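Trainee: everything below, folded, please.
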Amino acid sequence: MQTASALSWNWNYSTTGVTASGTFTTNDKPDDLGFYLITGITGTRNGEMITGLLSAGTAIPGNEPYHIDNLISLNSPQLTVDGFGYSTASGSYSSPFFASFLPTPSYLEVFSAPPFVPNAENFGSEDTELDINFSATIITSHS
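Mentor: Got it, this is the predicted structure:
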């Protein structure tokens with residue numbers, strides 16, 4: 001039986017009032033478009049521990065129906081329009097993505113904090129969508 005290989009990446013993004021960074025684990029082979037599937041995440045957002053990666057095909061609470069795909073590329077743009085999503089220790093969620101649909105395409109982060117109302121528009125004053133500077137690089141390959 002072959003051992004599955006993986007890649008480790010350093011990632012980070014920031015904007016005024018927001019700093020997030022950590023490591024990703026991805027598969028070791030990109031898809032036909034050059035994207036690797038993120039399978040694990042560690043790190044912090046504004047000093048708060050990231051507690052988990054959300055599953056591809058789901059939306060972060062408060063940002064339905066926008067589903068994430070958890071894809072990353074070495075090429076620019078490094079994220080897709082669907083981006084990746086993660087939870088934090090306080091029960092909040094973040095989803096960085098590449099807004100290719102904007103007149104000037106850029107990276108954005110949707111941040112969603114409780115309270116969450118199921119199946120309802122829930123973009124309250126506690127939630128944000130901000131322009132960010134995003135970067136990710138492969139640091140190691142392991143099996």
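Trainee: longest strand in this protein, please.
Mentor: Longest strand in the chain by number of residues (criterion: DSSP state E): strand 128-142.
Trainee: so for that one, what gets flagged as buried?
Mentor: Counting neighbours by 16 or more other C-beta atoms under 10 Å, one finds that the buried residues in strand 128-142 are 128, 130, 132, 134, 136. Backbone N, C-alpha and C define where each C-beta goes, glycine included.
Trainee: that strand pairs with which strands?
Mentor: Listed by DSSP bridges, the sheet partners of strand 128-142 and their directions read strand 6-15 (antiparallel), strand 106-112 (antiparallel).
Trainee: can you tell me how far the residue nearest to S94 when sequence neighbours are not counted is from P61?
Mentor: What sits nearest to S94 in space, not counting adjacent residues and going by C-beta to C-beta, 6 or more residues apart in numbering, is F111, at 5.1 Å. For F111, the distance to P61 under the criterion C-beta to C-beta, to the nearest Å works out to 11 Å.
Trainee: also S112?
Mentor: 6 Å.
Trainee: check P105 too.
Mentor: 26 Å.
Trainee: the more surrounded of those two?
Mentor: Neighbours per residue (other C-beta atoms under 10 Å) separate P105 from P61, with P61 holding more: 20 against 12.
Trainee: tell me the SS of that one?
Mentor: In terms of secondary structure, P61 is coil; the call rests on DSSP: H, G, I helix; E, B strand; the rest coil.
Trainee: now it: closest residue in space, sequence neighbours ignored.
Mentor: P61's closest residue in space is F116 (C-beta to C-beta, 6+ apart), at 4.2 Å.
Trainee: mind checking the SS state of that neighbour?
Mentor: coil.
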